[in-house]
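Peer 1: 3D model of this:
(3 chains)
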Amino acid sequence: MKPNRIVTALQLAPASVYYSALFGAPLILLVVYSFYTTENFDFIPQFTLDNYVTAWTSDVYRTYFARTLRISAITALAIAVVGFFYSYVITYTLRAHRAVLYFLVLVSMFGGYLVRIYAWRSIFGAEGIANSALMSTGIISEPLDLLRNGEFAIVVAMINFYLPLGILPIYAAMQNVGPGQIEAAQDLGSSRLGAAGKVVLPLALRGVTVAFVFTFIATAAEWLTPQLLGGTEDQMIGNRIAYQFGAGFDWPLGSALAVTLVVVLALLLGAMFTLVRRWIR
Amino acid sequence: MRRLARWRRTPWASILYVALVLLFLFVPLAIVVLFSFHASPRMAFPFQGFSLRWYEEIFTDVEILRAMGRSAIAAVTTGLVTAILGTLAGLGIVGLNARAKGAVMFFAMIPMSFPALLYAIGLAVYYRELGVGFSLGATIAGQIIQSLPFVLLVISATLDRFRFSLIEAARDLGAGAFHAFRTITLPIILPAVLGSMLLAMALSADEFIVAFFTAGQDKTLPLMMYGRLNVKLDPSINAIGTVLLVATSALAFISARRTSKESL
Amino acid sequence: MSATPDTASPAIELIGIEKSYGSAPAVRHLDLTIAQGEFFSLLGPSGCGKTTTLRMLAGFEFPDAGSIRLEGRDVTEIPAHRREVNLVFQKYELFPHMTVRRNVGYGLKVRRVPRAEIDDRVDEMLETVGVTAFADRRADQLSGGQQQRVALARALVNRPRALLLDEPLSALDVKLRKRMQLELKSIQERLGTTFVYVTHDQEEALLMSDRIGIMNDGRLLQVGTPREIYGTPADPFVADFVGELNTLQLDGARVAIRPEQIELGAVTRSGGRRGVIRARIYLGHTLQYEVETDLGVLVVRSGAGAAELEPGAAVSVTWPATAVIELGE
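Peer 2: Below you'll find the model as predicted:
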């Protein structure tokens, strides 16, 4: 019984209108704004490419972009790896408990963003819980640099926040590969690890890719985590964008930086995809 | 005949790995909750006694109570609107052929993978150009977009499993289209709709980035928390955080229970 | 137990094997010896422990007590991936993202056999099982029968000390199954590999095996050649499981007689018992009768060539003395 076209259109209309008005339009306007000029704390529609010139050629911003991409890549990779092994273990090795172990991961997601960052802030730092615990048990006598606010702290906190989101697609993809496949590989001589790499990974690759890409994109635009957990040397491009929309009050520049980020991410991911596809063949 | 040790069969490495990962995921939350009950303002070990003083502080602070109220309003509104829009859209998607459906779902999911910061600043620009001031309403409008993909996912998964032959049976018995929808479809998908509504509420309650750029003076609870974070090391933050944690977890938990409860 | 095979070192020995899952015993004290080059079947109903036993042989489960020997060598502690046996899975478990060729060569590649040798051995084995035409097709694009052959090839190409087969034909339709039964038997005879075959289909076991081991409720009830199992079952369960039976009280003892060994003759014939035909069923290759006698209702089978008897007719029922199987208790 095919529902008729008019009814379908009417059902899809409200959401579509809403998406266009509250998602599509703002983003289009963002791109438009990136070409505006700033004059006397006002943004005027005088078309200029200055913002983009600054975004692409300024040394300062280049450093920010490079640092951001590096941090994001590390985080995304770590999540893909940790997430893959976690999904593997609960899907096959501890199969009987996989529902609970998956649910626990989901539950941890709803701790919230701010709460976590605050917790990590109190863990890291010269006087933070990590350093003080290590010092009080006598393992170290001075606060460790690694455990102070900085790139390491940012990466750890981001992994902590995005890991459940990474496990979701990997686990889902892995459910299509039955445990019989692992046994068959083992019967033929592969160790568990070998079976994971040769049999499970290729079949769950789609999920792993989704996890990597999603995490990469999300962390590239991170701003709160580096602000609260990074030192002055470790700020990411998200911070600069937020600044322009805050105290910096240069919205057109901020918009241009945002658009640039999207373009850079698209190019990078596109390049990675073609490379990986070629390598798989 | 020998007894073979069972302990050698146990996958110790795997168990350890899973335990470590779960510990990693939950420890920060545990710390916040723990120190929300700390008698002293220091957030360090050794632990110096339990106390509810921070909770007293936040529940008697007018500003915080107002913020809680705003967060609640935002959550409920977001939940309701998203549920309605999402259910309608989900029903519409059912009628599409595979290709159209794929395309629609693809576009519908974009806000999920689009960085929140970039969306938030887009909204800021948008509101400014439209002359719409920053307010709770402005924030709610943005949070709805952020929740819609999740709601759509749940609803379309539910409708995929829905047996439309039941509707045919109802029509055969003389029910009109809307009547069939009201008496058959709706009751059956209601758990999923409610579940995804709770999910949207949980997402909204915890949402920070869009609120930061569009709420203006109408600070929600996460914004209050952020404000105090930046000022000084304020231990009441742990209490606020725990309240947020409990609220969103409860919503999410109930949501999950409802969505997995399949009727027919 | 019946005659032990006479080869020097048995291919497989299971000594005192026990296995329980929690408080439920799956295999209770099993002793079994399988000879080199034998086609041995483990036969029994679902849940009898035959699959558990097979998996213990493969190395996917470990016995709670007892030991397993492969050609004299104790392998009880050795995990599946280092044991020199291979398993043909009930669901085949071919790797869907690999071609037939890569699937079959997988085990050789893992063991780092030189590339040229892998190619040769794979080609040879593809030829043996008859799938050369599909060598470069992806495994998930094959039919059930083709997948089954590839699974066989993938296991055999490694020249295992024993090949284990877990109800490999159960997913195939009847005609294909019968064809594969003969092919499997022929491959086994040609290669001389020891086969351990698990099935719940007694006809299949009787057809293919050199010896059969009947299991029920975790115990090995009887081991023998098909003739021995069928003709001299060691206990009522075996007698009932393999082939059809009529159980009756005769001269104070409980006995069983096979339907095909009962003869129906003219009622005027002397020496037989009197019976009345209650029903006649046409099975294609045989006729089956239900005959009421003073001993109860007997099921009788006769070849389709024999004269058909009408329901309601009176007949004389006889059987040779050798057909009577003692059932003891």
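Peer 1: use CA for all of it now, contacts and neighbours both
Peer 2: OK.
Peer 1: B:V33 is in what secondary structure piece?
Peer 2: helix B:12-36 (DSSP states H and E).
Peer 1: Close to chain B: what parts of the stretch 51-200 of chain C are there?
Peer 2: The stretch 51-200 of chain C has residues C:P63, C:D64, C:A65, C:G66, C:S67 near chain B, with proximity defined as C-alpha under 8 Å from any C-alpha of the partner chain.
Peer 1: Farthest pair within those?
Peer 2: C:D64 and C:S67 (9.4 Å; C-alpha to C-alpha).
Peer 1: hey, what's in contact with both of those two?
Peer 2: C:I17 (C-alpha atoms under 8 Å, 6 or more residues apart in numbering or on different chains).
Peer 1: Now do the contacts for C:L206.
Peer 2: Contacts of C:L206 (C-alpha under 8 Å, 6+ apart): C:I212, C:P226.
Peer 1: where does it fall, phi/psi-wise?
Peer 2: Phi and psi for C:L206, reported as degrees, to the nearest 10, are phi -60, psi -40.
Peer 1: got it, and C:Q222?
Peer 2: Dihedral angles for C:Q222 - degrees, to the nearest 10 - are phi -160, psi 140.
Peer 1: Can you check my assumption that C:F60 lies in a helix?
Peer 2: No. Secondary structure assignment places C:F60 outside any helix; it is coil (DSSP: H, G, I helix; E, B strand; the rest coil).
Peer 1: thinking again about what came up before, so which of C:D64 and C:S67 has more stuff around it?
Peer 2: C:S67 (22 against 19; other C-alpha atoms under 10 Å in any protein chain shown).
Peer 1: do you know how far the more buried one is from chain A?
Peer 2: 20 Å (C-alpha to the nearest C-alpha, to the nearest Å).
Peer 1: Same check on C:G44?
Peer 2: Distance from C:G44 to chain A, by C-alpha to the nearest C-alpha: 23 Å.
Peer 1: right, and that residue touches C:T199 too?
Peer 2: Yes. Assessed by C-alpha atoms under 8 Å, C:G44 is found in contact with C:T199 at 7.0 Å.
Peer 1: higher neighbour count, those two?
Peer 2: C:G44 (26 against 22).
Peer 1: Return the per-residue confidence for the more buried one.
Peer 2: At C:G44, the pLDDT value in this model is 93.
Peer 1: What of A:I280?
Peer 2: Predicted confidence (pLDDT) for A:I280: 66.
Peer 1: For the spatially closest residue to B:A202 that is not a sequence neighbour, which residues are in contact?
Peer 2: Of all residues beyond its chain neighbours, the one nearest B:A202 is B:T248 (4.8 Å), with distances taken as C-alpha to C-alpha, 6 or more residues apart in numbering or on different chains. By C-alpha under 8 Å, 6+ apart, the residues touching B:T248 are A:F110, A:G111, A:G112, B:A202, B:L203, B:A205, B:D206.
Peer 1: can you redo these as JSON lines with secondary structure, pLDDT and neighbour count?
Peer 2: Listed next are the contacts of B:T248 as JSON lines, based on DSSP: H, G, I helix; E, B strand; the rest coil; pLDDT from 0 to 100; neighbours: other C-alpha atoms under 10 Å in any protein chain shown:
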{"residue": "A:F110", "secondary structure": "coil", "pLDDT": "75", "neighbour count": "24"}
{"residue": "A:G111", "secondary structure": "coil", "pLDDT": "71", "neighbour count": "25"}
{"residue": "A:G112", "secondary structure": "coil", "pLDDT": "75", "neighbour count": "24"}
{"residue": "B:A202", "secondary structure": "helix", "pLDDT": "88", "neighbour count": "28"}
{"residue": "B:L203", "secondary structure": "helix", "pLDDT": "89", "neighbour count": "24"}
{"residue": "B:A205", "secondary structure": "helix", "pLDDT": "89", "neighbour count": "28"}
{"residue": "B:D206", "secondary structure": "helix", "pLDDT": "86", "neighbour count": "26"}
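Peer 1: what bits of chain C have low per-residue confidence?
Peer 2: C:1-8, C:304-305, C:328-329 (pLDDT under 70).
Peer 1: what's the nearest residue to the residue nearest the centre of it if we skip its chain neighbours?
Peer 2: In chain C, the centroid-proximal residue (C-alpha atoms, centre = their mean) is C:A205; its distance is 3.0 Å. Closest residue to C:A205 apart from its sequence neighbours, by C-alpha to C-alpha, 6+ apart: C:S41 at 6.1 Å.
Peer 1: A strand includes the one you found, no?
Peer 2: Yes. The assignment for C:S41 by three-state DSSP puts it in a strand.
Peer 1: Who is it paired with across the strands?
Peer 2: Judged by DSSP bridges, the bridge partners of C:S41 are C:Y197, C:I212.
Peer 1: and residue 154, how many residues sit next to it?
Peer 2: Picking chain A for this. 28.
Peer 1: switch to chain C, that's the one I care about
Peer 2: 29.
Peer 1: What helix or strand is it located in?
Peer 2: helix C:144-156.
Peer 1: how about the nearest residue to B:F253, chain neighbours excluded?
Peer 2: That would be A:V107: by C-alpha to C-alpha, 6+ apart, it lies 7.6 Å from B:F253.
Peer 1: If I look at the one you found, what pLDDT would I see?
Peer 2: pLDDT at A:V107 comes out at 81.
Peer 1: who touches it in this structure?
Peer 2: Contacts of A:V107 were listed using C-alpha under 8 Å, 6+ apart, and they are B:S249, B:A252, B:F253.
Peer 1: Just the buried subset of these, please.
Peer 2: Listed as buried from the contacts of A:V107 are B:S249, B:A252, B:F253; burial here means 16 or more other C-alpha atoms under 10 Å in any protein chain shown.
Peer 1: Mark which of the residues you listed are part of helices, please.
Peer 2: B:S249, B:A252, B:F253 (DSSP state H).
Peer 1: looking at it, the second one is touching B:L199, isn't it?
Peer 2: To tie it back to what came earlier, the one meant is B:A252. Yes. Proximity of B:A252 to B:L199 meets the contact threshold set by C-alpha under 8 Å, at 5.6 Å.
Peer 1: Lovely, talk soon.
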